[in-house]
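Participant: sequence unknown, structure follows:
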């Protein structure tokens with residue numbers, strides 16, 4: 001579909017004849033492209049599982065004829081893998097106790113203090129496999145569980161980060177690892193003892209950590225980003241220094257404005273709202289992804305849209321924690337970029353994240369199809385496209401084709417025999433989002449290979465046994 005992107009060209013072998021000779025075709029009942037459904041749809045791939053073209057007919061050897069509809073795999077733009085171990089365990093409160101984000105955080109700290117490297121690897125392996133099952137083919141791991149239980153450095157110091165790379169490799173998902181800087185316990189407040197596993201002495205120590213990972217992460221066919229846990233986790237000069245010296249083409253992520261109290265503290269201590277302060281003091285641009293940004297005002301929305309930064313919205317986690325609603329109406333009007341993330345992993349289904357995102361905005365406005373304005377006519381199609389493109393921005397890729405020549409063939413396959421899918425044409429995507437049924441999922445293709453088929457991951461038994469064994473020991 002058109003010419004390869006500049007990024008994709010780097011991936012295509014220079015020997016064009018060999019590239020052509022190695023191509024084979026996947027034939028689907030339909031393939032979702034940026035121009036709509038192509039039915040039937042054929043995806044040509046090379047011997048490495050990279051896309052060579054998308055067309056309506058096949059003239060090569062057919063790998064498989066699939067009675068299904070292929071849609072692009074999505075990026076999970078924000079993950080804390082270890083938190084999956086507590087999914088469903090924090091849904092109670094004693095008596096008349098007030099329960100909110102901050103009380104939930106205390107429970108999370110207890111898990112963070114007790115989980116070890118092998119447990120994190122097992123948790124992440126199973127989690128990443130389940131993400132793949134639901135249609136995430138890339139995950140951005142926002143990593144701050146850096147050190148040993150007593151706060152001392154592992155040997156090597158990147159041991160926990162490497163375990164996450166190993167887990168992603170075993171699960172078959174593409175990983176963008178984002179280790180984040182963390183030094184303070186609040187605006188101007190020292191870190192607390194139960195945050196000891198997260199902390200760096202200074203920005204220089206953090207940069208040494210990143211340098212160690214630069215040499216290792218590519219060995220796992222993963223990518224590396226950098227970031228800051230939040231503005232409250234560092235001093236003002238540290239934030240400016242941190243983001244002033246970033247390797248070229250490296251993504252930058254941070255939590256921001258998730259809680260109103262965080263906004264109030266920033267106003268009190270730094271004299272500005274978090275997003276307001278960030279855009280006025282840091283060169284925020286397309287390589288930035290701001291996670292949550294729930295409590296932002298119109299002038300901050302405008303600044304984010306103008307900066308071309310990306311916002312990672314995590315609807316199921318934000319609902320679970322009672323965070324609030326992202327101001328999507330103003331952000332859409334300003335042409336802002338965004339994607340979705342599963343964050344604490346109380347939900348792992350991208351269709352659910354998109355549905356929650358839409359329904360939250362409908363409840364706020366007391367109207368239906370609130371995204372259908374300014375030329376938008378299909379809610380699901382608009383959300384999917386935004387989440388797909390914004391997800392790529394969260395990983396530092398900016399290609400606009402749904403299935404880009406030269407990139408891995410990553411796709412979620414919807415069963416065309418499912419009764420709802422069999423009776424739909426242009427509304428297949430909306431059916432997946434708004435009327436989701438697990439029986440719709442035929443499987444997930446990663447780099448031109450089935451990794452999940454009929455609900456079964458290729459390493460299902462191994463990943464499951466490891467998860468159960470390690471988590472029970474917690």
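Facilitator: Thanks, I have it. Everything quoted here is computed from the prediction, not taken from an experiment.
Participant: Domain parsing of the chain, as residue ranges.
Facilitator: Here the domain parsing of the chain from automatic domain parsing is 6-72+400-460, 74-394.
Participant: The last one: end-to-end distance?
Facilitator: What it means is domain 74-394. Terminal residues of domain 74-394 lie 11 Å apart, using Cα to Cα, to the nearest Å.
Participant: Please identify the most buried of the domains of the chain.
Facilitator: domain 74-394 (a mean of 20; mean count of other Cβ atoms under 10 Å). For every residue, glycine as well, the C-beta is placed using N, CA and C.
Participant: now that one: mean pLDDT?
Facilitator: The average pLDDT within domain 74-394 is 96.
Participant: so how far is it from its chain's centroid?
Facilitator: 8 Å (Cα atoms, centre = their mean, to the nearest Å).
Participant: re earlier: let me have the domains of the chain in a markdown table, adding distance to residue 471 as columns.
Facilitator: Putting the domains of the chain into a markdown table (distance: least, Cβ to Cβ, whole Å) gives the following:
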| stretch | distance to residue 471 |
| --- | --- |
| domain 6-72+400-460 | 16 |
| domain 74-394 | 5 |
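Participant: Residue 466 is nearest to which of these?
Facilitator: Evaluated over these, closeness to residue 466 peaks at domain 74-394, with 4.3 Å, by Cβ to Cβ.
Participant: nearest to residue 472, of the domains of the chain?
Facilitator: Between residue 472 and these, the tightest spacing by Cβ to Cβ is seen for domain 74-394, at 10.1 Å.
Participant: So which of the domains of the chain is nearest residue 469?
Facilitator: domain 74-394 (7.2 Å).
Participant: wait, which of the domains of the chain is closest to residue 467?
Facilitator: Here domain 74-394 is closest among the domains of the chain (Cβ to Cβ), at 3.7 Å.
Participant: Go through the protein and flag its longest helix.
Facilitator: Secondary structure assigned by DSSP state H gives helix 117-134 as the longest helix of the chain.
Participant: secondary structure class for residue 76?
Facilitator: strand (DSSP: H, G, I helix; E, B strand; the rest coil).
Participant: Tell me who's in contact with residue 323.
Facilitator: 101, 258-259, 292, 294, 317 (Cβ atoms under 8 Å, 6 or more residues apart in numbering).
Participant: Repeat that for residue 245.
Facilitator: residue 207.
Participant: give me phi/psi at it?
Facilitator: Backbone torsions of residue 245, given as degrees, to the nearest 10, read phi -130, psi 80.
Participant: what's the spacing between it and residue 84?
Facilitator: Using Cβ to Cβ, to the nearest Å, residue 245 is found at 33 Å from residue 84.
Participant: One more: residue 447?
Facilitator: Separation of residue 447 from residue 84 (Cβ to Cβ): 24 Å.
Participant: Next: residue 219.
Facilitator: As judged by Cβ to Cβ, residue 219 and residue 84 stand 25 Å apart.
Participant: One more: residue 459?
Facilitator: 17 Å.
Participant: Equivalent analysis for residue 199, please.
Facilitator: Distance from residue 199 to residue 84, by Cβ to Cβ: 23 Å.
Participant: Please apply the same query to residue 286.
Facilitator: With Cβ to Cβ as the criterion, residue 286 and residue 84 are 30 Å apart.
Participant: ok, back up a step: next secondary structure after the longest helix of the chain?
Facilitator: Using DSSP states H and E, the helix or strand that follows helix 117-134 towards the C-terminus is strand 136-143.
Participant: Run the angle between the helix or strand that that next one is followed by and helix 117-134 for me.
Facilitator: Downstream of strand 136-143, the next assigned helix or strand under DSSP H and E is helix 159-171. Comparing the axes of helix 159-171 and helix 117-134 via axes from the mean of the first three to the mean of the last three Cα atoms, to 10 degrees yields an angle of 40 degrees.
Participant: Report the strands that pair with the very next helix or strand once past helix 159-171, each with its relative direction.
Facilitator: Sequence order places strand 174-181 as the next helix or strand after helix 159-171, per DSSP H and E. Looking at strand 174-181 with DSSP bridges, its partner strands are strand 136-143 (parallel), strand 223-224 (parallel), strand 226-228 (parallel).
Participant: wait, which of those is closest to residue 417?
Facilitator: strand 136-143 (22.9 Å).
Participant: Helices of the stretch 351-474 of the chain, residue ranges please.
Facilitator: Assigned by DSSP state H, counting those that start in this stretch, the helices in the stretch 351-474 of the chain fall at 379-394, 419-422, 428-434, 460-472.
Participant: and the last one, how far out from the chain's middle?
Facilitator: Between the centre of helix 460-472 and the centre of its chain there are 23 Å (Cα atoms, centre = their mean).
Participant: Buried ones in that helix, by neighbour count?
Facilitator: 463-464, 466-467, 470-471 (16 or more other Cβ atoms under 10 Å).
Participant: hmm, which two among these are most spread apart?
Facilitator: Across the buried residues of helix 460-472 (Cβ to Cβ), the longest gap, 12.0 Å, separates 463 and 471.
Participant: Overlap of the contact sets of those two?
Facilitator: The contact lists of residue 463 and residue 471 share residue 122, where a contact means Cβ under 8 Å, 6+ apart.
Participant: Report all helices and strands that the longest helix of the chain contacts.
Facilitator: Applying 3 or more Cβ pairs under 8 Å, 6 or more residues apart in numbering; DSSP states H and E, we find helix 117-134 packed against strand 74-79, strand 136-143, helix 159-171, strand 441-446, strand 449-453, strand 456-457, helix 460-472.
Participant: Include distance to residue 23 when you put those into CSV, please.
Facilitator: Listed next are these as CSV, based on distance: least, Cβ to Cβ, whole Å:
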stretch, distance to residue 23
strand 74-79, 25
strand 136-143, 21
helix 159-171, 26
strand 441-446, 16
strand 449-453, 15
strand 456-457, 27
helix 460-472, 30
